[in-house]
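Participant: Based on what follows, work out the 3D shape:
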Amino acid sequence: MNRHRYMNVIMLVFVLLVSIACSVSKRTIRKPIKEEGAEYLFENLKKNELKYDNISARFSATFYQNKNRTSFSGQLRIHKDSIIWVSISPAFGIEMARIIITNDSVFYMNRLDKTYFMGDFDYINTKINSTLDFDMLQSFLTGNDFSFYENSSFRAGIDNHQYTLITTGRRKLKRYVRNNKEISIPVQYLWLNPETFKISRVQIRELTPNGRKLEGSYIYEKQEGRLIPKSLNFNLETLDNKNSIDLEYTRFETPEKLNFPFKIPDKYSQINKF
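Facilitator: The predicted model follows:
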């Protein structure tokens with residue numbers, strides 16, 4: 001694969017960033033919905049979310065775009081609500097790219113071409129026809145609900161032996177449709193494991209015949225008495241394209257302190273697109 005295309009694929013993957021079935025009976029899981037409703041589910045969702053200040057993880061991943069497949073590995077570091085840092089090392093432990101994502105900016109360093117990019121989510125979302133922001137990306141990578149989205153009214157239900165929460169009331173989800181009359185209000189769907197109340201699947205869908213759909217699903221494992229994400233799958237579906245990534249954390253830690261090195265060498269050239 002052309003190395004320029006390879007690096008473009010890697011960058012798209014980490015901005016796209018996109019279930020466990022339970023064997024309990026329907027009679028067992030209907031009771032809390034009937035008695036407590038959506039508030040009961042949402043409170044337990046928040047109670048059982050992954051608590052952390054920092055995350056340090058190693059991962060392996062495979063990205064699918066149309067008929068193309070790209071596999072790679074790397075490191076991920078997160079300082080909650082502030083920084084997402086990614087290092088890509090496809091082979092032999094040699095770093096090929098490094099990425100820093102903050103609440104409003106994206107920095108990308110290509111070690112092969114000795115170039116770097118500085119931009120924001122508007123540019124990235126234009127490239128992939130999506131509507132990601134930092135909060136959404138952080139949540140997709142950790143299996144948590146969005147941190148800074150309004151806790152508006154949810155509708156509770158049951159689907160395939162799992163709890164569901166559905167809402168159109170989070171105003172922040174509507175922000176990007178204000179100036180586009182052709183885009184419908186997006187709906188957020190959450191599927192919860194009825195034993196752990198962890199998110200097994202999350203979906204954001206536009207209510208139009210050709211609306212975009214962003215979806216993530218999770219499998220967790222127990223580590224030191226808590227459930228952490230182990231295997232993740234993300235999908236971004238538009239009218240013209242379907243992209244997906246399978247990601248597995250091979251190491252996952254939550255240290256008290258963490259650094260995020262990102263120094264652009266003087267000889268690197270700035271690019272304005274990729």
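Participant: Report how many residues lie close to L236.
Facilitator: 24 (other CB atoms under 10 Å). Every C-beta, even on glycine, is put in place using the N, C-alpha and C of the backbone.
Participant: same deal with Q270?
Facilitator: Neighbourhood size, Q270 [other CB under 10 Å]: 9.
Participant: Could you do L50 as well?
Facilitator: L50 has 17 neighbouring residues, counting by other CB under 10 Å.
Participant: And for I84?
Facilitator: 23.
Participant: Ok, the one 3 residues further on next?
Facilitator: When counting by other CB under 10 Å, one arrives at 19 neighbours for S87.
Participant: give the contact list for it.
Facilitator: G74, Q75, E95, A97, R98, I99 (CB atoms under 8 Å, 6 or more residues apart in numbering).
Participant: are any of those residues buried, and which?
Facilitator: Listed as buried from these are G74, Q75, A97, R98, I99; burial here means 16 or more other CB atoms under 10 Å.
Participant: Can I get those residues in a markdown table including pLDDT, secondary structure and distance to Q162?
Facilitator: Output for the buried ones among the contacts of S87, formatted as a markdown table (pLDDT from 0 to 100; DSSP: H, G, I helix; E, B strand; the rest coil; distance: CB to CB, whole Å):
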| residue | pLDDT | secondary structure | distance to Q162 |
| --- | --- | --- | --- |
| G74 | 94 | strand | 31 |
| Q75 | 96 | strand | 32 |
| A97 | 94 | strand | 37 |
| R98 | 95 | strand | 38 |
| I99 | 93 | strand | 33 |
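Participant: any idea how far L247 lies from Y123?
Facilitator: Distance, L247 to Y123, using CB to CB, to the nearest Å: 23 Å.
Participant: quick one, which of the two is more surrounded?
Facilitator: Neighbour totals were compared for L247 and Y123, and L247 leads with 25 against 15 (other CB under 10 Å).
Participant: Assumed the more buried one was part of a strand.
Facilitator: Yes - assessed with DSSP: H, G, I helix; E, B strand; the rest coil, L247 lies in a strand.
Participant: Show the pLDDT at it.
Facilitator: On the pLDDT scale, L247 is placed at 95.
Participant: That one touches K230, doesn't it?
Facilitator: No - between L247 and K230 there is no contact under CB atoms under 8 Å: 9.8 Å.
Participant: Can you name the residues bridging to S71?
Facilitator: T62 (DSSP bridges).
Participant: My guess is it contacts A61. True?
Facilitator: Yes - S71 lies in contact with A61 (CB under 8 Å); the separation is 7.1 Å.
Participant: Compare these two and say which is more crowded by neighbours.
Facilitator: Neighbour totals were compared for S71 and A61, and A61 leads with 21 against 11 (other CB under 10 Å).
Participant: Let me see the contact set for the residue nearest to the more buried one when sequence neighbours are not counted.
Facilitator: Leaving aside its sequence neighbours, A61 sits nearest to L247 (CB to CB, 6 or more residues apart in numbering; 4.5 Å). By CB under 8 Å, 6+ apart, the contact set of L247 is F59, S60, A61, S231, L232, N233, F234.
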